[in-house]
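Colleague: What follows is a predicted structure for the sequence shown.
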Amino acid sequence: MKTILIVVLTSIVIPGALVAQTAEDKKGVERALLDYVEGFYEGDSSKIIRSTSPEVAKYGYWKDKKSGKYRGEPMSYQQMINYAVEVKTKNHQAKPNSIKRIEILEVQDQIACGKITAWWGFDYILLEKVNNKWMIRMVLWQGPLP
């Protein structure tokens, strides 16, 4: 009886999980993650705007060089855009060989999560599908790279 119940439950649950991860959704999540990191690397604010919800919640931890302790600070949507503009204005784009690794951890019907490894550290990112477009909704990061 247990075996039959497991087979029945598996046949109901697994197909639903597989449907949520369409190739189109994965491509949309990947594009949003790439736009985000490339926006900062290239100083392209249009990529930040295209990939990030204006209601984004971003918070990060950076290590103070003097004390060696981590400090946290928020970054608003407008600060993200301003940062990208400043990168471009000051010609401080990331070096061509800077690390830029995108990992899609999971994709569901309406939400997804990913990880970015960049020159500044690691970003864990939650995305949402809005009007059939994947947008970054939350970012938690830590730097620097080890």
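Modeller: Yep, it's here.

Colleague: Show me where the chain has its strands.
Modeller: Counting by DSSP state E, one finds strands in the chain at the ranges 52-63, 70-75, 100-107, 111-118, 121-130, 133-142.

Colleague: in the fifth one, what counts as buried?
Modeller: In terms of neighbour count (16 or more other CB atoms under 10 Å), strand 121-130 has its buried residues at Gly121, Phe122, Asp123, Ile125, Leu126, Leu127, Glu128, Lys129. Using the backbone N, CA and C atoms, a C-beta is placed for each residue, glycine as well.

Colleague: now that strand and strand 133-142, what's the angle there?
Modeller: Computed by axes from the mean of the first three to the mean of the last three CA atoms, to 10 degrees, the angle separating strand 121-130 from strand 133-142 equals 150 degrees.

Colleague: Which residue lies nearest the spatial centre of this protein?
Modeller: Ile125 (3.4 Å; CA atoms, centre = their mean).

Colleague: May I have the residues that are in contact with that one?
Modeller: Leu33, Tyr36, Cys113, Gly114, Lys115, Ile116, Ile136, Met138, Val139 (CB atoms under 8 Å, 6 or more residues apart in numbering).

Colleague: Just the buried residues of these.
Modeller: Buried by 16+ other CB under 10 Å: Leu33, Tyr36, Cys113, Gly114, Ile116, Ile136, Met138, Val139, out of the contacts of Ile125.

Colleague: Identify the residue spatially nearest to Phe122, adjacent ones excluded.
Modeller: Once flanking residues are discounted, Phe122 sits nearest to Gln142: 5.6 Å by CB to CB, 6 or more residues apart in numbering.

Colleague: Give the bridge partners for the one you found, please.
Modeller: Tyr61, Phe122 (DSSP bridges).

Colleague: Identify the residues contacting it.
Modeller: Gln142 neighbours (CB under 8 Å, 6+ apart): Gly60, Tyr61, Trp62, Tyr70, Gly121, Phe122.
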